[in-house]
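Undergrad: Please find the sequence and the predicted model below.
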Amino acid sequence: MPFCTQCGTAVGDADRYCGKCGAPQALAGTSASSGGSTPNPLTGMSSRTASLLCYIPLVGWIAAIIVLASTRFRSDHDVRFNAFQGLYLFVVWLIVDWVVSPVFFIPGFAFHSVFPNLLKLVVFIVWIIMIIKVSQGELYRLPIVGELAERSVSEQR
């Protein structure tokens with residue numbers, strides 16, 4: 001029968017926490033240093049895959065935040081750059097959608113959304129181009145967004 005890693009009280013084989021002190025326990029077959037029973041999903045992910053996920057249109061920001069928060073890619077400059085650039089590209093999309101679109105709304109005018117939709121198309125095409133660039137292993141810096149991303153990566157060192 002195993003014992004608590006914190007207080008030494010006897011615990012069951014499948015107990016995740018000690019009944020006396022509440023300390024987390026290593027399950028059978030896992031070591032305490034590996035983080036318990038919860039595997040890290042980023043462990044087997046390559047840098048290129050992590051960078052690609054940051055440019056998925058409209059949902060890449062979620063992957064970018066996960067990549068930036070993970071310890072796995074903390075020292076990988078290129079992945080962090082792509083994560084920041086993907087986030088900033090999503091911010092550009094939001095600015096077009098939430099700021100530019102309402103400005104160009106003209107009641108009674110049938111083509112009031114042509115310009116904002118054209119800008120959204122441009123951002124979408126840039127996302128696709130970035131996916132292609134990253135899949136080829138190329139680190140491409142967009143004109144304004146890339147400079148912001150580079151500055152963000154350098155500030156975290």
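TA: Perfect, I can see it now.

Undergrad: Any idea which helix or strand in the chain has the lowest mean pLDDT?
TA: helix 101-103 (a mean of 85; mean pLDDT, DSSP states H and E).

Undergrad: Tell me, how many residues neighbour the closest residue to Cys4 other than its chain neighbours?
TA: Nearest residue to Cys4 in three dimensions, chain neighbours excluded: Cys18, at 4.1 Å (C-beta to C-beta, 6 or more residues apart in numbering). Every C-beta, even on glycine, is put in place using the N, C-alpha and C of the backbone. Cys18 sits with 19 neighbouring residues when counted by other C-beta atoms under 10 Å.

Undergrad: Distance check, Cys18 against Pro24.
TA: Here the criterion is C-beta to C-beta, to the nearest Å. By it, Cys18 lies 8 Å from Pro24.

Undergrad: how near is the residue most central in space within the chain to Gly86?
TA: Centroid-nearest residue in the chain, with C-alpha atoms, centre = their mean: Ala64, separated by 2.1 Å. Taking C-beta to C-beta as the measure, Ala64 falls 5 Å from Gly86.

Undergrad: got the residue ranges for the helices in this protein?
TA: Secondary structure of the chain (DSSP state H): helices located at 47-53, 60-69, 77-95, 101-103, 114-135, 145-155.

Undergrad: Show me the shaky parts of this protein.
TA: Residue ranges of the chain with pLDDT under 70: 1, 27-40, 108-112.

Undergrad: ok, 50 please
TA: For the chain, residues meeting the criterion pLDDT under 50 lie at 29-36.

Undergrad: Check the gap between the nearest residue to Asp78 once chain neighbours are set aside and Thr43 for me.
TA: Closest residue to Asp78 apart from its sequence neighbours, by C-beta to C-beta, 6+ apart: Leu139 at 5.5 Å. Distance of Leu139 to Thr43, given as C-beta to C-beta: 23 Å.

Undergrad: Phe124 now?
TA: On the measure of C-beta to C-beta, Phe124 and Thr43 end up 32 Å apart.

Undergrad: Have a look at the two and say which one is more surrounded.
TA: Phe124 (14 against 10).
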